[in-house]
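>>> attaching a predicted model along with its sequence, questions to come.
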Amino acid sequence: MNRLIAFFLISFLFACNSVKKETAIDINSVQTQAGLVSGKTTDDQVVKIFMGVPFAAPPVGNLRWKTPPPVAPWEGVRACVTPPASAMQAPPKPFMCWSKEFMAPESPLSEDCLYLNVWTTAKTAQERLPVMVWIHGGAFTGGSGTVPLYNGEDMARKGVVFVTINYRLGIFGFMAHPELSAESDLKTSGNYGILDQIAALHWVKQNIAAFGGNPENVTIAGQSAGSFSVNMLVVSPLAKGLFQKAIAQSGGMFGKQLSLGSTLQAAEENGKQLTEKLKIANLATFRALPADSVLKIQGRFGIVVDNVVIPPVYDTFAAGKHNDVAVISGWNADDGVSFGPAPKADQFKENAKKQYGDKAESFLKLFPANTDEEAAKSQKIVSQLYFGWNNYAWARLQASMGTGKAYLYNFNRVPPGEPNYGAFHSAEFGYALHTLKLWDRPFTDVDFKLEDIMSSYWVNFAKTGNPNGEGLPVWPNFTENNPQIIELGDEVKAASLPFKDQLKFMDEINN
């Protein structure tokens, strides 16, 4: 009997200790490695929000154009309740189909921009909810983690810890120079924006558990430049182990043409010519220039394929050396809306001959241009597949070379209202992130149903690596033998790969 009493007493004490180990998330005091932060809640107190949490030291002064070091510790509690400054960029102004809901806040803009935002419904640090880290678009020259349509409240309500990040843009984020490479521990330069993203992922791995997230179940996601960024992170050896899944919406770098990228040698030469043109004697002088003055410098700065931060994408996948993670990948029916008006038939044919040489005849069979109207239709497909081929190639290579499954989509829902640019580039993420309520359009039940389905797919994938779930149309995984996609439009349904012959042709000319 005494042994039985002792057993129950020990069991009771163990249970009490287990309960004590549960750490409630106090909105007024969450411990990060650098110090305590406080946040705020939604009106119903369900979602906890932390805005402007620093994840690296401010990249200013002598830290301009350097790998971001960890943020310095602070004393007391840091209030993280207002949106942080967005990275230096031209004043954000709506244009074409991209209304104010797609823009970074007009202010503040600052070189001191390495902050992230967190939305969580976790009540304790032990909940270990899946984490989604959203990387913004904007052609690597604009954008912000606090774009209105990136608001993470409803994604958090669906069961993920949602994180948005900032990173350096333009000349601040991507200028290379021989002297910068020489002083770097990595012996490379450029790609500072990507190194910022990697620093943010290190912060997530080290700190997200305090917000109720699981650092071993992280999904990186992004659209346009954000999708290109996800592509870079999936091949970067410096990002290994920092995430377990990837979502890529309209963007990738699988072709022979490096698109937004260049070699390190070419990027360094570009930087050298720039400093010579500006008569800048040394890096110290350049770093001493005010950020506003640096922003006005004209030039093209983008991804650097340097074999250190970023190796060649296609070759890395083909060799099976990428970070092998499950992927959702896809594109929109009118992704190429910003490419301008279509050329006339004769010009379309002439362009084909210049670009494709002895393959021009094959190209024109798949993209005919016997009339101006036919040329316009073909040009629309070409511009759509500028993004589409990359996302298709991603799914194909992951399915054939990796162990994580690939899921491919085509988004073709035209948002109601004006201006009407079709299912334009960026139109999908308000649906995927469940933020249509923040977008001033006359949405209907069709849109809200699609929003619920898409955001559920995205959250399910973040949870398990599989977008499917109860009550959702079945989304088959993509394989080369069974190239199925999900159509996300007025209806949501599985379908055969569209533009199959055109995509195969693009396989031939790109690799």
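Happy to help now that I have it. On a predicted model such as this, the values are computed, not experimentally measured, just so you know.
>>> helix, strand or coil for Asn323?
What DSSP: H, G, I helix; E, B strand; the rest coil gives for Asn323 is coil.
>>> same check on Met506?
Under three-state DSSP, Met506 comes out as helix.
>>> any idea how far it lies from Lys500?
Using Cβ to Cβ, to the nearest Å, Met506 is found at 11 Å from Lys500. C-betas here are computed from N, CA, C, even on glycine.
>>> compare the two (neighbour count), which wins?
Met506 (23 against 11; other Cβ atoms under 10 Å).
>>> for that one, which non-adjacent residue is closest in space?
Trp389 (4.3 Å; Cβ to Cβ, 6 or more residues apart in numbering).
>>> am I right that the one you found is in contact with Met253?
No - shown here, Trp389 and Met253 do not form a contact pair, counting by Cβ atoms under 8 Å, at 11.3 Å.
>>> show me the strands in the stretch 401-511 of the chain, by range?
If DSSP state E, counting those that start in this stretch is used as the criterion, the strands of the stretch 401-511 of the chain fall at 406-411, 484-488, 492-496.
>>> so of those, which one's packed in deepest?
strand 406-411 (a mean of 24; mean count of other Cβ atoms under 10 Å).
>>> paired strands for that strand, with orientation please.
Using DSSP bridges, the strands paired with strand 406-411 in its sheet are strand 326-332 (parallel), strand 484-488 (parallel).
>>> how about these in JSON lines, adding mean pLDDT and distance to Gly39?
Below are the strands paired with strand 406-411 laid out as JSON lines (pLDDT from 0 to 100; distance: least, Cβ to Cβ, whole Å):
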{"stretch": "strand 326-332", "mean pLDDT": "97", "distance to Gly39": "29"}
{"stretch": "strand 484-488", "mean pLDDT": "97", "distance to Gly39": "33"}
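>>> could you dump those to a markdown table with distance to Pro343?
Converted to a markdown table, the strands paired with strand 406-411 look like this (distance: least, Cβ to Cβ, whole Å):
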| stretch | distance to Pro343 |
| --- | --- |
| strand 326-332 | 22 |
| strand 484-488 | 29 |
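>>> what about the protein, any weak spots by pLDDT?
For the chain, the stretches flagged by pLDDT under 70 are 1-21, 256-261, 338.
>>> the longest helix in it is where?
Ranked by number of residues, the top helix in the chain under DSSP state H is helix 372-401.
>>> now that one against strand 484-488, angle please.
Angle of helix 372-401 versus strand 484-488, following axes from the mean of the first three to the mean of the last three Cα atoms, to 10 degrees, is 130 degrees.
>>> report the buried residues of helix 372-401.
Buried residues in helix 372-401, counted by 16 or more other Cβ atoms under 10 Å: 375-376, 378-399.
>>> now stretch 474-490
Quick answer for stretch 474-490 (16+ other Cβ under 10 Å): Trp475, Pro476, Asn477, Phe478, Pro483, Gln484, Ile485, Ile486, Glu487, Leu488, Gly489.
>>> so how far is His425 from the fifth one?
Using Cβ to Cβ, one gets 23 Å for the distance from Pro483 to His425.
>>> my guess is Met454 contacts Ala432. True?
Yes - counting by Cβ under 8 Å, Met454 touches Ala432, with 4.7 Å between them.
>>> which of those two has more neighbours?
Ala432 (28 against 25).
>>> so who does that one touch?
Gln249, Met454, Ser455, Tyr457, Trp458 (Cβ atoms under 8 Å, 6 or more residues apart in numbering).
>>> in helices only, show me those.
Filtering the contacts of Ala432 for helices - DSSP H - leaves Met454, Ser455, Tyr457, Trp458.
>>> farthest pair in the residues you listed?
Ser455 and Tyr457 (7.3 Å; Cβ to Cβ).
>>> neighbour count winner among those two?
Each of Ser455 and Tyr457 has its neighbours counted (other Cβ under 10 Å); Tyr457 has more, 25 against 22.
>>> around the residue nearest to that one when sequence neighbours are not counted, how many other residues sit close by?
Excluding the flanking residues, the one nearest Tyr457 by Cβ to Cβ, 6+ apart is Pro467, at 3.9 Å. Neighbour count of Pro467, defined by other Cβ under 10 Å: 26.
>>> go ahead and confirm Pro467 touches Tyr409.
No - with contact defined as Cβ under 8 Å, Pro467 does not count as touching Tyr409 (9.0 Å).
>>> quick one: the helices in the stretch 201-350 of the chain, in order.
Applying DSSP state H, counting those that start in this stretch to the stretch 201-350 of the chain gives helices spanning 225-235, 264-277, 283-288, 291-295, 313-318, 345-356.
>>> of those, which is nearest Val414?
helix 225-235 (20.9 Å).
>>> longest strand of this protein?
Criterion DSSP state E: the longest strand present in the chain is strand 213-223.
>>> in that one, what counts as buried?
Those would be Gly213, Asn214, Pro215, Asn217, Val218, Thr219, Ile220, Ala221, Gly222, Gln223, for strand 213-223 by 16+ other Cβ under 10 Å.
>>> the residue lying closest to Asp452 once chain neighbours are set aside: how many residues sit nearby?
Once flanking residues are discounted, Asp452 sits nearest to His434: 7.4 Å by Cβ to Cβ, 6+ apart. Residues contacting His434 under the criterion other Cβ under 10 Å number 24.
>>> which ones are touching the closest residue to Ala393 other than its chain neighbours?
Distances taken as Cβ to Cβ, 6+ apart place Phe254 nearest to Ala393, at 4.2 Å, with adjacent residues excluded. Shown in contact with Phe254 (Cβ under 8 Å, 6+ apart): Val313, Tyr314, Phe317, Trp389, Asn390, Ala393, Trp394, Leu397, Asn510, Asn511.
>>> one more time with 7 Å, if that's ok
Val313, Tyr314, Asn390, Ala393, Trp394, Asn510 (Cβ atoms under 7 Å, 6 or more residues apart in numbering).
>>> the fifth one against Val327, yeah?
Yes - under the criterion of Cβ atoms under 7 Å, Trp394 is in contact with Val327, at a separation of 6.4 Å.
>>> would you mind measuring from Ala34 to Leu238?
From Ala34 to Leu238 the distance is 21 Å (Cβ to Cβ).
>>> what sits against the nearest residue to Ile486 once chain neighbours are set aside?
Of all residues not flanking Ile486 in the chain, Trp475 sits nearest, at 4.4 Å (Cβ to Cβ, 6+ apart). Shown in contact with Trp475 (Cβ under 7 Å, 6+ apart): Tyr407, Tyr457, Pro467, Asn468, Ile486, Ala494.
>>> can you check Val77 too?
Ser29, Leu36, Val37, Ser38.
>>> Serialize these to CSV and add fields for distance to Leu364 and secondary structure.
CSV is the format used below for the contacts of Val77 (distance: Cβ to Cβ, whole Å; DSSP: H, G, I helix; E, B strand; the rest coil):
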residue, distance to Leu364, secondary structure
Ser29, 66, strand
Leu36, 64, strand
Val37, 59, strand
Ser38, 62, strand
